[in-house]
Structure formats: C-alpha cells, structure tokens
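J.: I'll drop the sequence and a predicted model, then ask my questions.
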Amino acid sequence: MAHVAELWRHPIKAHGCEALTTVDLQAGQTVPWDRTWAVAHEASKADGSDWTHCSNFSRGAKAPKLMAVQSSFDEKTNRITLSHPDLAPITFDPDGDTDAFVAWSAQLIPDNRAASKYIVRAQKHGMTDAPFPSISILSKNSLEVLSQRVGQPLSTKRFRGNIWLEGLQPWEEFDWIDKTLRIGRAELKIIDRNTRCLATHADPETGERDADVLDALDRGWGHNDFGVYAKVTLSGRISLGDTVEIA
C-alpha cells in the first residue's frame, strides 16, 4: 500500500528545503511555513499581497546555485538558518533586517540575471508556483523510472515537493486528477499536473547543472510533467509512514 515516504517545507521560496516528520494541514492552505517568503529581484514589483508568478522571484531555474541551499526554520523565534556548500551559514529574521541575507544570496545569482533585491511575505497563503494554495505530491516510484531514463540517481530535493509517496505504480499519480486522497487525518483533492522547469537540472548538493531532466521527460513520455498539485479539503495531521487511500 502507498505511504508517505518524505515530507518537506520551503520557508523561503527557492532558498532551501527542510525535512519534516509530521505536519498539520489546514483546509485551503499550503503546508505551514511553506513558501511563506519569497525573494523579489530588481525587476519585480511583487509585494506579497496576492499570488505572484514565480518569474518575479529569484529561483533555481535562473540561478542553479540556489538549489544547494538548505534551511532550518525556528517557528518560535521566527529566525531561519540557511547554509550552502560555497558560503558560511547565515541566521536571520526574514521579517526583520534582511540586508545581510540579500548580500549573502547575491553571491549565488549569475551576473546575467536580475539581482535579488528584497524579501516579501505572502499575506494570504504560501507563494507556491500554482495560482492557488497548493500542496505538491510526488511519487518515488515515478522518480525511479525517471532516474533510469536520465542515467543517474535523482534526489527528491531537485523537485521541491511537499509530500513524497512510495508504493505506487510509476506515473499512477497522473490518473488522480479531480480525485481525493486521504492521508492520515487529512484529505486533499488533486487539481493538476506539475510542469517542470530548469531548476530540476541542478544537483541539490552542489548547485551545478548535471542532468537534463526535461529532455528525459520529453523523450521518455512526451511531456515535462512530474508530480501533481493538490488542495487540502479536510484539515488533519499527516506523518511519515501514513498510508494513502484514493476516494
């Protein structure tokens, strides 16, 4: 039976990922603290008041070195620690003075890309890539066949997902559109497939591009999709090891 193999959140969009063991989902919301903040670049007008397209933010598709950022967020103090193999760690309050962080992250942005400028806090829900408060669900069994197609093992961290499931048939998740999943005490409606970008080409340990994931998807299956977007319809706790039922 399919079960939850990994849980993740990404407090600052495209700037680090953090593994979880359990999470309390709320109907109509993202994973708590997932993409609560995003880093606007110098060409952006984003202010966090409403959902904004990812092109307004610094991200791994344009700055692959960002893919190697790791994060650890302390909810009690509202302070986050970011680390990167090429930089000294930094700890700061993303709602406070962020000048030091902007200078830190600027070292990871290519010279030919818009420079990071300021942090915005999402006012309604996490600044996910889908234009609704989405939860991304992915299959480790689909990842296995994609890795075989690419010719090397691919880390789950390349895909910046929230919930990774194990025990499915490869690509089974694409048959779930408009269906409901019961995981733990929560229920989620599957809304759409997740179309991927160049961020997946970067090794999350080094931030260097080393795999043409989009070409492998296109040549192998005729699309650039991996994983699905879901919306929480019933609040509840989910944890590692929870089984999955399809309604």
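T.: Yep, that arrived. Not measured: the values here are computed from a predicted model.
J.: gap between the closest residue to residue 13 other than its chain neighbours and residue 97?
T.: Spatial nearest neighbour of residue 13, excluding adjacent residues (C-beta to C-beta, 6 or more residues apart in numbering): residue 38 at 3.9 Å. (C-beta placed from N, C-alpha, C; glycine too.) The gap separating residue 38 from residue 97 is 18 Å, by C-beta to C-beta, to the nearest Å.
J.: higher neighbour count, those two?
T.: Higher neighbour count among residue 38 and residue 97: residue 38, with 28 against 8, using other C-beta atoms under 10 Å.
J.: what's the end-to-end length of stretch 15-34?
T.: Stretch 15-34 has its terminal residues 11 Å apart, counting by C-alpha to C-alpha, to the nearest Å.
J.: what comes up buried for that stretch?
T.: By 16 or more other C-beta atoms under 10 Å, the buried positions in stretch 15-34 come out as 15, 16, 17, 18, 20, 23, 25, 29, 30, 31, 33, 34.
J.: how about those residues in a markdown table, adding pLDDT, secondary structure and distance to residue 153?
T.: Converted to a markdown table, the buried residues of stretch 15-34 look like this (pLDDT from 0 to 100; DSSP: H, G, I helix; E, B strand; the rest coil; distance: C-beta to C-beta, whole Å):
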| residue | pLDDT | secondary structure | distance to residue 153 |
| --- | --- | --- | --- |
| 15 | 97 | coil | 24 |
| 16 | 96 | coil | 22 |
| 17 | 96 | coil | 18 |
| 18 | 97 | strand | 22 |
| 20 | 98 | strand | 23 |
| 23 | 98 | strand | 26 |
| 25 | 98 | strand | 30 |
| 29 | 97 | coil | 33 |
| 30 | 97 | coil | 29 |
| 31 | 98 | coil | 25 |
| 33 | 97 | coil | 29 |
| 34 | 98 | coil | 25 |
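J.: could those residues be laid out in TSV, adding distance to residue 243?
T.: Shown next, in TSV, are the buried residues of stretch 15-34 (distance: C-beta to C-beta, whole Å):
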residue	distance to residue 243
15	33
16	29
17	24
18	24
20	18
23	16
25	16
29	23
30	23
31	19
33	25
34	23
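J.: let me know the closest of the residues you listed to residue 6.
T.: residue 20 (8.6 Å; C-beta to C-beta).
J.: correct me, but the closest one touches residue 11?
T.: No. Shown here, residue 20 and residue 11 do not form a contact pair, counting by C-beta atoms under 8 Å, at 11.5 Å.
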